[in-house]
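J.: Model the following, please.
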Amino acid sequence: MKLTIKQKAFSEFYATNGNAAESAKLAGYSEKTAEQQGYQLLHKTSVKEYLVTLTSTDTKNRIMDAIERQTFLTDVIRGEINEGENTAKLSDRIRACELLGKMQGDFMDRQSIQLTSADYDREREEIIARILA
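T.: All right, here's what the predicted structure looks like:
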């Protein structure tokens with residue numbers, strides 16, 4: 001994957017702004033031909049491959065995973081997150097507690113269903129009869 005300096009610059013600008021023409025201009029291509037250059041660059045295999053590596057690492061770094069979300073919400077609940085000089089309001093802390101509980105499945109209704117083989121056979125026959133009707 002051999003890229004020129006301009007191609008690499010274009011790819012990096014495009015990965016952040018998603019605009020091919022603007023990225024071509026910023027990378028040093030002529031303003032008159034920036035739109036066409038951007039289009040052509042996006043179809044080059046080497047540029048596409050470089051964009052995939054840029055966006056996959058960028059995306060991984062930008063998106064919180066479940067542990068980070070839970071840590072953040074826990075910090076809010078404990079009053080460790082400050083907005084200016086104020087700690088989180090009680091209503092914000094309660095909401096964070098609810099969200100954390102939902103994430104961890106604390107509020108799921110769990111039901112236990114016991115079926116005998118006779119129940120299973122009867123249910124299966126009813127389903128087959130509805131399908132064939």
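
J.: use CA for all of it now, contacts and neighbours both
T.: Will do.

J.: could you pull out the strands for the chain?
T.: 82-83, 86-87 (DSSP state E).

J.: Adding mean neighbour count and mean pLDDT, write those out as a markdown table.
T.: Formatted as a markdown table, the strands of the chain follow (neighbours: other Cα atoms under 10 Å; pLDDT from 0 to 100):
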| stretch | mean neighbour count | mean pLDDT |
| --- | --- | --- |
| strand 82-83 | 10 | 72 |
| strand 86-87 | 12 | 74 |
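
J.: need those in TSV with distance to Ser46, can you?
T.: Formatted as TSV, those follow (distance: least, Cα to Cα, whole Å):
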stretch	distance to Ser46
strand 82-83	45
strand 86-87	49
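
J.: Compare the ones you listed and report which one is nearest to Ala20.
T.: strand 82-83 (37.7 Å; Cα to Cα).

J.: quick one: least confident helix or strand in the protein?
T.: strand 82-83 (a mean of 72; mean pLDDT, DSSP states H and E).

J.: Which strands border that one, and is each parallel or antiparallel?
T.: strand 86-87 (antiparallel) (DSSP bridges).
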